[in-house]
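>>> here is a sequence with its predicted model. Questions after.
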Amino acid sequence: MALSLPGLGVPNPALSLLADSDSRTPARLRRPARILVVDDEAPVRSMIGITLERQGYDVQLAASGREAMEILEQNVFDLVLTDIVMQDGNGITLLERMHGQQPQLPVVMVTAIHDIGVAIDSMRRGAYDYLLKPFEREHLLGTVQRALDHRQAMQESQSYQQSLEQVVRARTEMLRQAMEDLEHSYDITLEALGDALDLKDSETEGHSKRVTAYTIALARAMSVSPEQIKVIARGAFLHDIGKMAIPDDILRKPGKLSPEEQEVMREHCARGYNMLRKIPFLSESAEIVYTHQEHHDGSGYPNGLRGSEIPIGARIFAVADTLDAITSDRPYRKARSFDVARQEILRCSGTQFDPGVVEVFLKIPNELWNELRSEITGQNKRYSTFDLAHVPPPPLP
Ligand SMILES: [Fe+2]
């Protein structure tokens, strides 16, 4: 049917927002609301159609439920008015089929007075309202306007919810990025702290970085989660941070330490732990600093923990630490080979080291340790201590 819009500039209740009701859209278009009228009685159908058209609505008519479904497949409507009792099936079936395809489409049921029970039932099944025949023009227009207002409110709320979800997604991504940047800044700060320790304790130069890389490689081979590896890596890197508090004459003493000096030296675990445990993102790593000198058989310090009482990160670290100690120069001896280190670690499996960690360690070829060592010793400026991707997962048999 043709449109018969009233004079331009006059507010028209039949005008509806397009489905895109985003008020930020610059070319916010308006069009007359589209209404489908379904009734198998031609006089009723055209009477409703004419009344609505005169009000400025864009109306289409259907003489049966089947025709209505065909029209709905090709066109978008803002409202459907349907008779309940029709020759080719009732309006309730049509209502359910329409809602199966377009759950948001408001439907007003039109019915004779003796069908009121059915009309009420149709509302339970999702109809927006019903009209009892015969009805007044004002009653028809009032019901139609309410249904259209309802649809518009639903669309606006849906669009608001969608834009809210978009905002939440964008903010979450910004937050994630900020957290990542922050974490990266933390790690750079940690590296500076490690460098400071290396300056104080020149004997271990590069030790922190190597032992961290070895620990990461071993933890990956043991299928530790990436999140947990980050915690372990920071603990490995800072394991000797407590040595900052040890007097230089003990820390740098060339000969053997006296029992009293050894006592002072052993305090470095607790001192490091106390330095780090109050820093939220290092509190878990602090546990590894505290327990890094414990032995599997309980002969370590400071608490003589045994087996699984020792955090897994500290058990992994212990192997990595010995690996680096044996293969690095010391003032009193030259560095020994990775094969020697393997023998020594195997010899101490079950006493100093967790046998489960040693078993995985022995499966990793020397090439990986050599590669990591030369990369760090080669002063590769781009080497990032905490970058997990940097340490390749070891090729296991
Ligand atoms: Fe230590």
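Yep, that arrived.

>>> looking only at pLDDT, what's the mean for the helix or strand where Leu218 lies?
In this assignment (DSSP states H and E), Leu218 forms part of helix 207-221. Averaged over helix 207-221, pLDDT sits at 92.

>>> what of stretch 246-255?
Rounded mean pLDDT across stretch 246-255 is 86.

>>> residues in contact with that stretch?
With contact meaning C-beta atoms under 8 Å, 6 or more residues apart in numbering, stretch 246-255 is reached by 200-201, 203, 243, 257, 261, 264-265, 267-268, 271, 331-332. All C-beta spots, glycine's among them, are computed from the backbone N, C-alpha and C.

>>> go again using 10 Å as the cut-off
Where contact means C-beta atoms under 10 Å, 6 or more residues apart in numbering, the residues beyond stretch 246-255 that reach it are 200-203, 240, 243-245, 257-258, 260-268, 271, 331-332.

>>> measure that stretch end to end?
This stretch, stretch 246-255, spans 16 Å end to end (C-alpha to C-alpha, to the nearest Å).

>>> chain center to that stretch: distance?
49 Å (C-alpha atoms, centre = their mean, to the nearest Å).

>>> likewise stretch 136-148?
47 Å.

>>> which residues in the chain form strands?
Along the chain, the stretches classed as strands by DSSP state E are 15-17, 30-32, 34-38, 58-62, 79-83, 107-112, 129-133.

>>> what's the least confident stretch among the ones you listed?
Among the strands of the chain, strand 15-17 scores lowest, at a mean of 53.

>>> helices of the stretch 51-200 of the chain, start to end?
65-74, 91-101, 116-124, 137-200 (DSSP state H, counting those that start in this stretch).

>>> of the strands of the chain, which is nearest Ser225?
Ser225 sits nearest to strand 15-17 of all the strands of the chain, at 49.7 Å, using C-beta to C-beta.

>>> now the helices of the stretch 51-200 of the chain in CSV, with mean neighbour count, mean pLDDT and distance to Glu227?
Shown next, in CSV, are the helices of the stretch 51-200 of the chain (neighbours: other C-beta atoms under 10 Å; pLDDT from 0 to 100; distance: least, C-beta to C-beta, whole Å):
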stretch, mean neighbour count, mean pLDDT, distance to Glu227
helix 65-74, 16, 92, 51
helix 91-101, 18, 89, 45
helix 116-124, 15, 84, 50
helix 137-200, 14, 91, 11
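
>>> just put the ones you listed in JSON lines and tack on distance to Glu344.
Below are the helices of the stretch 51-200 of the chain laid out as JSON lines (distance: least, C-beta to C-beta, whole Å):
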{"stretch": "helix 65-74", "distance to Glu344": "79"}
{"stretch": "helix 91-101", "distance to Glu344": "73"}
{"stretch": "helix 116-124", "distance to Glu344": "80"}
{"stretch": "helix 137-200", "distance to Glu344": "24"}
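
>>> still on that earlier bit, quick one, the helix holding Leu218 and helix 137-200 angle?
130 degrees (axes from the mean of the first three to the mean of the last three C-alpha atoms, to 10 degrees).
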